[in-house]
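1. Show me the folded form of this:
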Amino acid sequence: MTISTEPTTGTAAPADRPGPWPAAAWVLLDWGASAFSTILITLVITYAERVVYADGAWGVPGGVVWAWITATSMILSAILAPWLSARADRTGNHQRAVTESVLVGVAGCLVLAVVPPGARLAVAGAVVTASIGFDMAQIFTGSLLPRLALGTAADRLSACGFAAGYAGGALALVLATALVGARDQLGLSAPEALRASFVVMGGWWLVFSLPAFFAPLGHAAPAAAGGTSVGELLGFARTLVAEGSVVGRVLVGAALVTGAVQTAISQFSSLAIEEFHMEAPAVVRLVLLVQAVALPGALAMGWASAWVGRRAVLAICVVGWVAVCVLGWFVGSPEQLTWLAVLLALVLGGVQSVVRAIVAVLAPAGRAGATFGLFQVGTKLAGCVASLAFGAMYAASGWPRAGGVTLVIQLLAGWWVLQGASRAGGDAEG
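-> Prediction:
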């Protein structure tokens with residue numbers, strides 16, 4: 001993989017830029033972490049709703065408890081992200097930050113596997129801990145990108161990371177599902193087999209993250225805003241406010257788009273489970289289909305971004321997502337839902353990849369961590385707003401899919417902001 005040497009902001013000097021091996025180690029971070037995301041939305045949610053919190057264990061349906069757990073992890077991630085990312089910028093050690101984040105996430109996975117289902121509070125705490133570790137790892141994985149690739153090379157490397165993530169997540173899910181399926185031969189009950197699959201989730205994540213713990217991922221000088229994380233945050237805030245900061249507008253647009261996409265994904269899963277009554281094996285197959293199609297889709301969009309520019313690829317992906325939201329109103333059978341999943345997968349990796357590249361290229365010098373940290377916070381908040389608006393439309397109309405209108409509006413708003421900010425920044429074409 002060729003590493004660009006053109007100048008940019010927020011990165012190490014070109015002469016210090018790492019070579020192909022560190023880039024491969026960085027890609028493996030996505031490969032390993034995706035085991036958590038794929039197993040979480042299939043086997044972990046099944047374990048939580050069908051075993052731990054089944055039959056109103058806490059006086060409410062298991063789905064409600066799961067929503068509480070998810071909301072708690074999102075809130076805590078939003079609170080921690082700015083401070084931890086500012087600390088990484090202040091010390092210049094993003095590699096250590098990603099290592100710590102992965103270890104916290106893996107610890108949460110292993111605790112989830114060890115504690116019995118009767119320890120309901122411990123199960124909730126383990127899921128929250130693992131989710132926070134995952135969110136923080138995504139921040140610092142993104143903040144390392146400007147050290148490894150610049151310009152159009154950043155688009156290609158970002159796309160390779162997402163493509164590897166889809167492959168790694170799919171393989172890990174296949175392995176975990178096979179373990180659950182072989183429970184009788186292994187002498188395990190269904191809950192015990194699910195808990196064993198969480199060992200696969202954490203172990204896969206850890207093993208494939210190890211190369212990035214030790215690879216030379218470049219050096220960044222500590223930010224000069226101050227001697228504390230508070231000073232770094234204040235310095236970065238001044239940067240965003242000054243002169244109608246392009247970076248600030250990019251973060252707003254990127255958060256709106258990504259938050260809408262994440263909400264659309266969760267509602268897609270809900271559509272499969274609630275309206276078409278899909279069981280866990282069918283949901284797993286649908287997730288594997290999305291992973292398989294998203295892999296080449298991410299690579300294709302990454303290379304297209306390098307050739308025709310980020311703005312064009314972003315527009316294609318947003319149009320694709322709008323089509324997904326609109327077509328979702330008319331899906332009437334599991335077969336049609338499968339075709340919709342294919343379209344979703346084609347644009348899923350592309351929009352995530354190009355947004356990550358845009359944020360990385362425009363990150364201010366010495367503040368890649370804070371930039372991706374605020375991007376994460378904005379995404380969580382935008383996702384929360386999108387979910388609330390989706391629910392409000394559902395409640396007002398009585399039709400579950402009516403909330404898709406709000407997602408279309410948020411997607412288009414985010415795209416409009418990003419397009420304008422990219423033109424102003426002059427970096428949108430890579």
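2. hey, C-alpha coordinates of stretch 286-300 in CSV?
-> Once non-C-alpha atoms are left out, stretch 286-300 reads as follows in CSV (Å, rounded to 0.1, in the frame of the first residue of the first chain):
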residue,chain,number,x,y,z
LEU,A,286,-29.0,-11.0,6.8
VAL,A,287,-26.1,-9.4,8.7
LEU,A,288,-23.6,-11.6,6.9
LEU,A,289,-25.1,-10.6,3.6
VAL,A,290,-24.7,-7.0,4.4
GLN,A,291,-21.1,-7.6,5.5
ALA,A,292,-20.3,-9.5,2.3
VAL,A,293,-21.7,-6.8,0.0
ALA,A,294,-20.4,-3.9,2.0
LEU,A,295,-16.8,-5.1,1.7
PRO,A,296,-16.4,-4.6,-2.1
GLY,A,297,-18.7,-1.6,-1.8
ALA,A,298,-16.3,0.1,0.6
LEU,A,299,-13.3,-0.6,-1.6
ALA,A,300,-15.0,0.6,-4.7
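3. buried sites along that stretch?
-> 286-291, 293-295, 297-300 (16 or more other CB atoms under 10 Å). C-beta: built from backbone N, CA, C; applies to glycine.
4. Please apply the same query to stretch 109-123.
-> Cys109, Leu110, Val111, Leu112, Ala113, Val115, Pro117, Arg120, Ala122, Val123.
5. Enumerate every residue touching the last one.
-> By CB atoms under 8 Å, 6 or more residues apart in numbering, Val123 lies in contact with Ala48, Val52, Leu112, Val115, Pro117.
6. element containing the most centrally placed residue in the chain?
-> With distances taken as CA atoms, centre = their mean, the residue of the chain nearest its centroid is Gln138 (6.5 Å). Assigned by DSSP states H and E, Gln138 falls within helix 120-148.
7. Who are the packing partners of whatever helix or strand comes next after that helix?
-> Downstream of helix 120-148, the next assigned helix or strand under DSSP H and E is helix 151-181. Judged by 3 or more CB pairs under 8 Å, 6 or more residues apart in numbering; DSSP states H and E, the packing partners of helix 151-181 are helix 20-39, helix 120-148, helix 190-214, helix 280-308, helix 334-362.
8. Which strands or helices does the helix or strand just after the shortest one pack on?
-> Okay, so that is helix 20-39. Downstream of helix 20-39, the first helix or strand assigned by DSSP H and E is helix 45-47. Judged by 3+ CB pairs under 8 Å, 6+ apart, helix 45-47 is in contact with helix 190-214.
9. Tell me the predicted confidence for the residue nearest to the centre of the chain.
-> Listed pLDDT for Gln138 reads 93.
10. now Ala225
-> What the model reports for Ala225 is a pLDDT of 45.
11. ditto for Glu192
-> 95.
12. got it, and Ala428?
-> 41.
13. go on, Leu240?
-> Leu240 carries a pLDDT value of 69.
14. Low-confidence stretches in the stretch 101-250 of the chain?
-> The stretch 101-250 of the chain contains residues with pLDDT under 70 at 218-244.
15. please redo it, this time with the cut-off set to 80
-> Scanning the stretch 101-250 of the chain for pLDDT under 80 picks out the ranges 150-152, 218-246.
16. Spit out the contact partners of the nearest residue to Ala368 once chain neighbours are set aside.
-> Once flanking residues are discounted, Ala368 sits nearest to Ser143: 4.0 Å by CB to CB, 6 or more residues apart in numbering. Contact analysis of Ser143 by CB under 8 Å, 6+ apart lists Ser85, Ala88, His94, Ala97, Ala360, Ala363, Ala368, Gly369, Thr371, Phe372.
17. Return the residues in contact with the second one.
-> For Ala88, the set of contacting residues under the criterion of CB under 8 Å, 6+ apart consists of His94, Arg96, Ala97, Phe140, Ser143, Gly369.
18. now whichever strand or helix holds it, how far from the chain's geometric center?
-> For Ala88, the element it lies in under DSSP H and E is helix 62-91. In terms of CA atoms, centre = their mean, to the nearest Å, the centre of helix 62-91 is set 13 Å apart from its chain centre.
19. again with stretch 108-127
-> That offset, for stretch 108-127, works out to 23 Å (CA atoms, centre = their mean).
20. can you check stretch 332-351 too?
-> 18 Å.
21. can you check stretch 327-338 too?
-> That offset, for stretch 327-338, works out to 25 Å (CA atoms, centre = their mean).
22. what's the span of that stretch, first residue to last?
-> End-to-end distance for stretch 327-338: 12 Å, by CA to CA, to the nearest Å.
23. and if you look at stretch 33-51?
-> This stretch, stretch 33-51, spans 25 Å end to end (CA to CA).
24. What are the buried residues along it?
-> Neighbour-count burial for stretch 33-51, counted by 16+ other CB under 10 Å, picks out 33-49, 51.
25. list the buried ones in the helix or strand just after the helix holding Ala88?
-> Sequence-wise, the next helix or strand downstream of helix 62-91 (DSSP H and E) is helix 94-114. Judged by neighbour count (16+ other CB under 10 Å), helix 94-114 contains these buried residues: 94-95, 97-113.
26. Which strands and helices lie in contact with helix 94-114?
-> Using 3+ CB pairs under 8 Å, 6+ apart, the elements in contact with helix 94-114 are helix 20-39, helix 62-91, helix 120-148, helix 190-214, helix 368-397.
27. Pipe those into TSV and attach distance to Val174 per row.
-> Shown next, in TSV, are those (distance: least, CB to CB, whole Å):
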stretch	distance to Val174
helix 20-39	10
helix 62-91	24
helix 120-148	20
helix 190-214	10
helix 368-397	28
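28. Indicate which one of the ones you listed is closest to Trp329.
-> For Trp329, the closest of the helices and strands packed on helix 94-114 is helix 368-397, at 11.3 Å, according to CB to CB.
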